[in-house]
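1. Provided below for reference: sequence and predicted model.
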Amino acid sequence: MSSPLILVNLKTYKEGMGNRAHMIAQAAQAVSQESGVTIGVAPGYIDLHPLCHHFSIPVYAQHVDGCEPGANTGHTTVEAIRAAGAAGSLVNHSERRLTIADIEASIRGLRNQKLISVVCSNNESTSAGAAALAPDYVAIEPPELIGSGVSVSKANPEIIKRSIAAVHAVNPNVRVLTGAGIQSGECVKIAVDLGTDGVLLASSVVKSKEPAAILRDLVSKL
Ligand SMILES: O=C[C@H](O)COP(=O)(O)O
């Protein structure tokens, strides 16, 4: 198995934009270099290009539209995030749900531009459906645990196991992340031991006064 991915979604937290986005990316880069664990960040669009420019860690968009470049207004194309330097994009996050046609178009656009797709799902059925579209990753996040401070690894390990089985029954090449309430090295270790390829998290790092300390803890048991 390749190195687990720790992907930190900065969402639209005020603690995750501008100078704070730079500070978190700096911490992620330092901890990644110390530990050898891949740590990516997903900032808002305004911070996407600056972070890609200043840091060598993978930077993801939080959402991307599947439309072609051209006469669209208020959309963000795959070509635009690629030009900004993004490694890939979240798709269908619980806080940015899409239709299945939109999800397919975003995945296809990302694949065509050789960018990484991370499709979020809320249960094993939608995880299986997402896997049928052959993204790079499916990220299973029980919505009720997002931002709760209660870790999916501890509160609902069964949904992780069932989702991994559901995804791999459809497409064994799709890697699986899990998220919601992830906050410690123990949470990450449980998730990886259950068979995931890493975690998607936000509040524990973004809202911390010391993001580097949380990141060091997150990778400490890998
Ligand atoms: O994208 C990240 C997830 O929604 C998890 O958020 P959280 O770590 O704040 O629970």
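-> Alright, I've got the coordinates. Keep in mind it's a predicted model, so treat the numbers as computed, not measured.

2. Quick one: the helices in this protein, in order.
-> 19-35, 45-54, 78-84, 100-112, 124-131, 152-155, 157-170, 185-193, 203-206, 211-219 (DSSP state H).

3. Tell me who's in contact with the residue nearest to His63 when sequence neighbours are not counted.
-> In space, and not counting its chain neighbours, His63 is closest to Arg96: 4.8 Å by Cβ to Cβ, 6 or more residues apart in numbering. C-beta: built from backbone N, CA, C; applies to glycine. Neighbour list for Arg96: 62-63, 90 [criterion: Cβ atoms under 8 Å, 6 or more residues apart in numbering].

4. circling back: which of the helices of the chain sits closest to the ligand?
-> helix 203-206 (3.2 Å; Cβ to the nearest ligand atom).

5. Run through who's touching stretch 60-73.
-> 7, 9-11, 40-45, 48, 75-81, 86-91, 93, 96, 102, 104-110, 116, 118.

6. can you redo the helices of the chain as CSV with distance to the ligand, mean pLDDT and mean neighbour count?
-> Listed next are the helices of the chain as CSV, based on distance: least, Cβ to the nearest ligand atom, whole Å; pLDDT from 0 to 100; neighbours: other Cβ atoms under 10 Å:
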stretch, distance to the ligand, mean pLDDT, mean neighbour count
helix 19-35, 13, 98, 19
helix 45-54, 16, 98, 18
helix 78-84, 17, 98, 20
helix 100-112, 16, 98, 19
helix 124-131, 15, 97, 22
helix 152-155, 8, 95, 21
helix 157-170, 14, 97, 19
helix 185-193, 10, 97, 20
helix 203-206, 3, 98, 23
helix 211-219, 11, 98, 20
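
7. Distance to Ile140 for the ones you listed - can I get that in JSON lines?
-> Output for the helices of the chain, formatted as JSON lines (distance: least, Cβ to Cβ, whole Å):
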{"stretch": "helix 19-35", "distance to Ile140": "22"}
{"stretch": "helix 45-54", "distance to Ile140": "25"}
{"stretch": "helix 78-84", "distance to Ile140": "23"}
{"stretch": "helix 100-112", "distance to Ile140": "15"}
{"stretch": "helix 124-131", "distance to Ile140": "5"}
{"stretch": "helix 152-155", "distance to Ile140": "8"}
{"stretch": "helix 157-170", "distance to Ile140": "4"}
{"stretch": "helix 185-193", "distance to Ile140": "10"}
{"stretch": "helix 203-206", "distance to Ile140": "18"}
{"stretch": "helix 211-219", "distance to Ile140": "18"}
